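Asks: Sequence first, predicted coordinates after that:
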Amino acid sequence: MAYERIHTSLSKGIETITLDYGPTLNALDMVMAGELAEALEEAEGNPEVKVLVLAGAGRAFSAGGDIRYMKAHCDEPDFSKKSMAPLAGKLSEIVLYMKKMRKIIICAVAGAAAGGAANLAFACDFIFAADDAKFLQAFVGIGLCPDTGGVYFLPRMVGSHRAFDMFVTGRPVSAKEALEIGLVKEVTTKEDLMPTVMAFAEKLTEGPLLAYGNMKKLMFASLYKGFEDYMKDEAVYLAQCSGSEDFKEGITAFLEKRKAEFKGK
């Protein structure tokens, strides 16, 4: 199927879904989110697909939210309700679906995985990173709380104190640090990233797929049973932040490349 913001390929039982929209560094907008959701559902239902790989084309895995779009529309009436809420809701549906899928998802990250894109990567079952990869919980810089399930995923992966530090500071976590704290399975050169990921995926296609699927179900039951209820709270708090003065100041300062002057309201 032809898509505008992603492309897919299937080889040797491995479906690769690539975020691919260069003008915004693969930003997660409604078009891309809709296409990603459709591709995931198609792959889950396709008996020829045994393992999935999620990657990003170009200089970055994904820049996260499209801040230029946010800036252009943030003064419109009910921007938070009409623009931010639908996208956040769609991304929430996607990461919840990924966690409930039977099929293993491997994420390949080169360059930046920022904001919601970092949390999209964390929703995968394995992450491989190029040595230029960096993971950013960039929400704080524009006056937002994390979306796309980040506050649910990250503490379960690296512990609450380390996760909170990443949320509050928004600092970039390098591939080296990500490996040290258990965020990623392996770090390679950028050139070796996809061959390494595909070799690992090919090994998985030869394994007991029924057992893999049941392992994922058990992992969901043990770690993510409360995820759906959490997402309701996330939507409420994100709406508060995206309708705030701090958010408008944050995205303006980001685009003007200056320090934001937050007022706490």
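Replies: Thanks, I have it.
Asks: which SSE is the residue nearest in space to the middle of the chain in?
Replies: Nearest residue to the geometric centre of the chain (C-alpha atoms, centre = their mean): Leu120, 1.7 Å. In the assignment (DSSP states H and E), Leu120 maps to helix 116-122.
Asks: And the contacts of that helix?
Replies: With C-beta atoms under 8 Å, 6 or more residues apart in numbering as the test, helix 116-122 has contacts from 26, 28, 54, 56, 61-65, 91, 94-95, 107, 109, 113, 127, 135-137, 146-150, 153-154, 157, 183. Heads up, the C-betas are built off the backbone N, CA and C, glycines and all.
Asks: following the helix or strand where Phe135 lies, which helix or strand shows up next?
Replies: Phe135 is part of strand 134-136, with elements assigned from DSSP H and E. Downstream of strand 134-136, the first helix or strand assigned by DSSP H and E is helix 150-158.
Asks: So which residues lie in contact with the helix or strand just after that next one, not counting its own?
Replies: Downstream of helix 150-158, the next assigned helix or strand under DSSP H and E is helix 160-169. Helix 160-169 is contacted by residues 135, 137, 139-140, 146, 150-151, 154-155, 157-158, 171, 173, 181 when judged by C-beta under 8 Å, 6+ apart.
Asks: Buried ones among those residues?
Replies: 135, 137, 139-140, 146, 150-151, 154-155, 158, 173 (16 or more other C-beta atoms under 10 Å).
Asks: from those residues, which is closest to Phe200?
Replies: Using C-beta to C-beta, Phe135 comes nearest to Phe200 of the buried ones among the contacts of helix 160-169, at 19.7 Å.
Asks: Report the contact partners of that closest one.
Replies: With C-beta under 8 Å, 6+ apart, Phe135 has these contacts: 109, 113-114, 118, 121, 166, 172-173, 178, 183.
Asks: Likewise for Ala37?
Replies: By C-beta under 8 Å, 6+ apart, the residues touching Ala37 are 90, 93-94, 97.
Asks: which of the residues you listed has the most neighbours?
Replies: The most crowded member of the contacts of Ala37, judged by other C-beta atoms under 10 Å, is Ile94 (22 neighbours).
Asks: How about it, nearest residue that isn't a chain neighbour?
Replies: Distance criterion C-beta to C-beta, 6 or more residues apart in numbering; nearest residue to Ile94, sequence neighbours excluded, is Ala37 at 5.3 Å.
Asks: distance of the one you found from Arg258?
Replies: 36 Å (C-beta to C-beta, to the nearest Å).
Asks: again with Ala138
Replies: On the measure of C-beta to C-beta, Ala138 and Arg258 end up 16 Å apart.
Asks: Please identify which of these two sits among more neighbours.
Replies: Ala138 (24 against 9).
Asks: what number of residues lie near Leu10?
Replies: 12.
Asks: Which element is encountered next along the chain beyond the helix or strand containing Lys176?
Replies: Element membership for Lys176, per DSSP H and E: helix 175-180. Moving toward the C-terminus from helix 175-180, the next helix or strand (DSSP H and E) is strand 186-188.
Asks: Which residues in that next one does the neighbour count mark as buried?
Replies: So, applying 16+ other C-beta under 10 Å, buried residues of strand 186-188: 187-188.
Asks: same question, stretch 217-233
Replies: For stretch 217-233, using 16+ other C-beta under 10 Å, the buried residues are 224, 227, 231.
Asks: Centre of the chain to that stretch, how far?
Replies: 17 Å (C-alpha atoms, centre = their mean, to the nearest Å).
Asks: Quick check: mean pLDDT of it?
Replies: On average, the pLDDT along stretch 217-233 is 91.
Asks: CA atoms only: put that stretch into PDB for me.
Replies: Presented in PDB, the C-alpha positions along stretch 217-233 are these (Å, rounded to 0.1, in the frame of the first residue of the first chain):
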ATOM      1  CA  LYS A 217       1.000 -11.300  26.700                       C
ATOM      2  CA  LEU A 218       2.500 -12.200  30.000                       C
ATOM      3  CA  MET A 219       4.800  -9.200  30.000                       C
ATOM      4  CA  PHE A 220       1.800  -7.000  29.400                       C
ATOM      5  CA  ALA A 221      -0.100  -8.700  32.200                       C
ATOM      6  CA  SER A 222       2.800  -8.300  34.600                       C
ATOM      7  CA  LEU A 223       4.000  -4.800  33.700                       C
ATOM      8  CA  TYR A 224       1.400  -2.900  31.700                       C
ATOM      9  CA  LYS A 225      -2.000  -4.000  33.000                       C
ATOM     10  CA  GLY A 226      -2.700  -0.500  34.300                       C
ATOM     11  CA  PHE A 227      -1.500   1.200  31.100                       C
ATOM     12  CA  GLU A 228      -5.000   1.900  29.700                       C
ATOM     13  CA  ASP A 229      -6.100   3.700  32.800                       C
ATOM     14  CA  TYR A 230      -2.900   5.600  32.900                       C
ATOM     15  CA  MET A 231      -3.500   6.900  29.400                       C
ATOM     16  CA  LYS A 232      -6.700   8.600  30.600                       C
ATOM     17  CA  ASP A 233      -4.700  10.600  33.100                       C
END
